[in-house]
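Visitor: fold the following, please.
(one chain, ligands or ions: 1)
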Amino acid sequence: MIDPYYKSLDKNLYLLHGDTMELLPQFDHQFDMVFADPPYFLSNNGLSIQSGKIVSVNKGAWDKSHGFDYVNDFNRKWLSLVREKMKDDATIWISGTMHNIFSVGQILTELGFKILNVITWEKTNPPPNFSCRFFTHSSEQIIWARKHEKVPHYFNYDLMKELNDDKQMKDVWKLPAIAPWEKSCGKHPTQKPLSVLTRLILASTKPNAWILDPFSGSSTTGIAANLANRRFLGIDQETEFLEISIKRKQEIENEKTAELYRQKIAGFITKEQFSTFVHQEISDTGIKVALGFCRSDNVKKSKSSTVFYFHAIEGNNKVKEFPIGILEAQKLILYSGGRGRPNQFTGLMADIQSVELKHKSDIKGKENSETEFYYEVTLKDSFEESETLKGVINLSVLFEKIDEKNRKLFQQYLPALATWENVLKSITAVGVA
Ligand SMILES: C[S@@+](CC[C@H](N)C(=O)[O-])C[C@H]1O[C@@H](n2cnc3c(N)ncnc32)[C@H](O)[C@@H]1O
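Guide: Numbers count the residues shown, from 1 in each chain. Modelled structure (predicted):
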């Protein structure tokens, strides 16, 4: 168990402080995607031009070159450790320039990854080459690889095509270098633009995916991930950069700022496209889960039952209001609590065979009940008990982007609906304290 340097209120962004090589082996969590912007080892006392001024290319002690073997050993070490943290169908993106990208490519192959693409990010506004002895450096490479040769990976082909005027997205991405508004929380010397990170996250992950960045810096990966409803763990050895990351996360906790940033991020055809897409994506993938209240002294008994009756709301002997969509629920999860205790999931979950609204006269044993109508929920099998589904529920996460009606029903101990993603999100955390 590692104490995170920072855990956001919504538990969607975690930061660890320290050497990535030492921290990675210390926690158990499998990620869906990794983005890494490792040191490029280009701080060789050279010069460049920034805003019309000659500046040193040196980024910091962490970026100093120590020779070819050192760079290879470094890349071999972190790539092996990160590979352990990847799900079998996960992919990894690594950005670089000529200083490190050949080493990274060679070691990926050596470790059993399969390279899928080498993206060229063509900067639309690069600094000029003032030596006039070679071409202007105006690109960075980003290698995309999957963990295994034979295990398929996820690629949102349709979205990428849509972003490219309905033509197949190429492996050359024309996106501007970082914009000043992205530096509102402080400066990192090699901060990546949100446009690059947003594109690669949307291309290779589904909503709620866990994304790891072992060289997090100012956590551009985390900010893009959270803006796209994905979760993030970042590691950096410099508190100065972690502090910038925290400020950036706090900025987008204000939903208005988050929405504004979604509109400002380059690489979309319209200003609204990013936002519309992520909201649509959540509702498309949402498996509906019925949440049924169960008194804590009844949990054991419920475990072997396969038919459940839940009160339907009534008014003047008529069913007045249903939890919207409950008849399409695919899973049933039992929660207990109440009377001053927090609501918590019991760990009991089952697949639903059918949900029917029934009058009490049609239910054996309930003919004389005060409740007129019930939902009869029939399960496919008896309940499974899952440790990961036990725990106190974060209500604002459970009902995030679900109408207020379900939240109210839940508070009255009536069956309510949530999405499977939100159920998991409302109780899960990374394997850190
Ligand atoms: C190229 S920068 C990443 C910038 C980041 N992509 C962003 O947008 O802000 C690399 C980062 O890795 C960190 N770093 C270098 N070596 C490290 C190590 N062994 N463990 C943890 N962090 C390290 C540096 O402090 C630096 O912030």
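Visitor: name every strand pairing with whichever strand or helix holds Ile92 and say which way it goes.
Guide: Following DSSP states H and E, one finds Ile92 within strand 86-96. Here strand 86-96 has these sheet partners by DSSP bridges: strand 31-36 (parallel), strand 139-146 (antiparallel).
Visitor: tell me the secondary structure at Asp158.
Guide: What DSSP: H, G, I helix; E, B strand; the rest coil gives for Asp158 is helix.
Visitor: count of neighbours near it?
Guide: Residues near Asp158, counting by other Cβ atoms under 10 Å, number 9. Heads up, the C-betas are built off the backbone N, CA and C, glycines and all.
Visitor: also the one 5 residues further on?
Guide: Other residues within reach of Leu163 by the criterion other Cβ under 10 Å amount to 21.
Visitor: wait, isn't it in contact with Ile269?
Guide: Yes: between Leu163 and Ile269 there is a contact under Cβ atoms under 8 Å: 6.7 Å.
Visitor: still on that earlier bit, can you list contacts of the strand holding Ile92?
Guide: Strand 86-96 has contacts (Cβ atoms under 8 Å, 6 or more residues apart in numbering) with 30-38, 40, 82-83, 101, 104, 108, 113, 116, 121, 140-148, 151-154, 192, 196, 200, 204.
Visitor: of the residues you listed, list those near the ligand.
Guide: Among the contacts of strand 86-96, the residues lying close to the ligand (Cβ under 6 Å from any ligand atom) are 37, 192.
Visitor: and the contacts of strand 86-96, which of them are buried?
Guide: 31-38, 40, 82-83, 101, 104, 108, 113, 116, 121, 140-147, 153, 192, 196, 200, 204 (16 or more other Cβ atoms under 10 Å).
Visitor: pLDDT value on the residue in the stretch 101-250 of the chain that the ligand sits nearest to, please?
Guide: Nearest to the ligand in the stretch 101-250 of the chain, going by Cβ to the nearest ligand atom, is Gly217, at a distance of 2.6 Å. pLDDT, Gly217: 97.
Visitor: quick one, what contacts it?
Guide: With Cβ under 8 Å, 6+ apart, Gly217 has these contacts: 37, 188, 190-192, 236, 241, 245.
Visitor: same deal with Gly222?
Guide: 13, 15, 211, 213, 216, 232, 234, 245, 248-249.
Visitor: go on, Tyr374?
Guide: Tyr374 touches 309-312, 357-358, 360, 363, 366, counting by Cβ under 8 Å, 6+ apart.
Visitor: how about it, secondary structure?
Guide: Per three-state DSSP, Tyr374 ends up strand.
Visitor: so what's the residue count around the residue of the stretch 251-400 of the chain found nearest the ligand?
Guide: Across the stretch 251-400 of the chain, no residue is closer to the ligand than Ile265, which sits at 13.8 Å (Cβ to the nearest ligand atom). By the criterion of other Cβ under 10 Å, Ile265 has 24 neighbours.
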